[in-house]
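Student: The sequence isn't on hand, but the structure is:
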């Protein structure tokens, strides 16, 4: 959702993008309680009750704004003449996007996915108000923290730190390997 919003705003002129940008960024300025409750109220009209689906929709509305800003920043750095040259040489818009823009955005896609995952944990108030009677990991950790420090919470924290370090090391090794391949070529 964030990528599609960023692509839309980058294609529109400055005047028409202004109001749309304000609407698309507004979830960042809205408290999580309001997002959670309004998601439940809105989607109740479509047959979705408070629960895991409503929590996913509420988190998506909030996190898509963050993702959109990150993609917009990267798209502003893109050399659009490459895409125009591909179109001049007979490529379709979809093919030019897949072969030029998507590889250019690949690091941002990975980074945005990691940040979106972390934002979903940080946005506790949205989850608690939209999840209803169901449980998610975030709400379970919050419930266990009310009474005492549980060793399970420490174990989950250690797992998250270990996964983060492993991913960072893997990314660093992949970058080093790509640089080595480019230098060898």
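Tutor: Structure received. This one's a predicted model, so the numbers in the text were calculated from it and none came from an experiment.

Student: And the helices in the protein?
Tutor: Ranges of helices in the chain, per DSSP state H, are 2-11, 14-29, 32-44, 52-77, 80-88, 93-96, 102-122, 124-130, 137-147, 151-184.

Student: Out of the ones you listed, which is the most enclosed?
Tutor: Ranked by mean neighbour count under mean count of other C-beta atoms under 10 Å, the helices of the chain are led by helix 124-130, which reaches a mean of 22. The C-beta positions use only the backbone N, C-alpha and C, and glycine is treated the same way.

Student: starting at the chain centroid, how far to that helix?
Tutor: Computed by C-alpha atoms, centre = their mean, to the nearest Å, the chain-centroid distance of helix 124-130 equals 17 Å.

Student: now the helices of the chain in CSV, with mean pLDDT?
Tutor: As requested, the helices of the chain are exported to CSV (pLDDT from 0 to 100):
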stretch, mean pLDDT
helix 2-11, 81
helix 14-29, 76
helix 32-44, 77
helix 52-77, 84
helix 80-88, 84
helix 93-96, 87
helix 102-122, 85
helix 124-130, 74
helix 137-147, 73
helix 151-184, 85
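
Student: Spit out the contact partners of residue 178.
Tutor: For residue 178, the contact set (C-beta atoms under 8 Å, 6 or more residues apart in numbering) is empty.

Student: can you list contacts of stretch 18-35?
Tutor: So stretch 18-35 is contacted by 5, 8-9, 12, 58, 61-62, 64-66, 68-69, 123-126, 129-130 (C-beta under 8 Å, 6+ apart).

Student: Distance check, residue 87 against residue 72.
Tutor: To residue 72, residue 87 is 22 Å away according to C-beta to C-beta, to the nearest Å.

Student: ugh, typo on my part, it should be residue 97
Tutor: Noted for residue 97: a distance of 16 Å to residue 72, by C-beta to C-beta.
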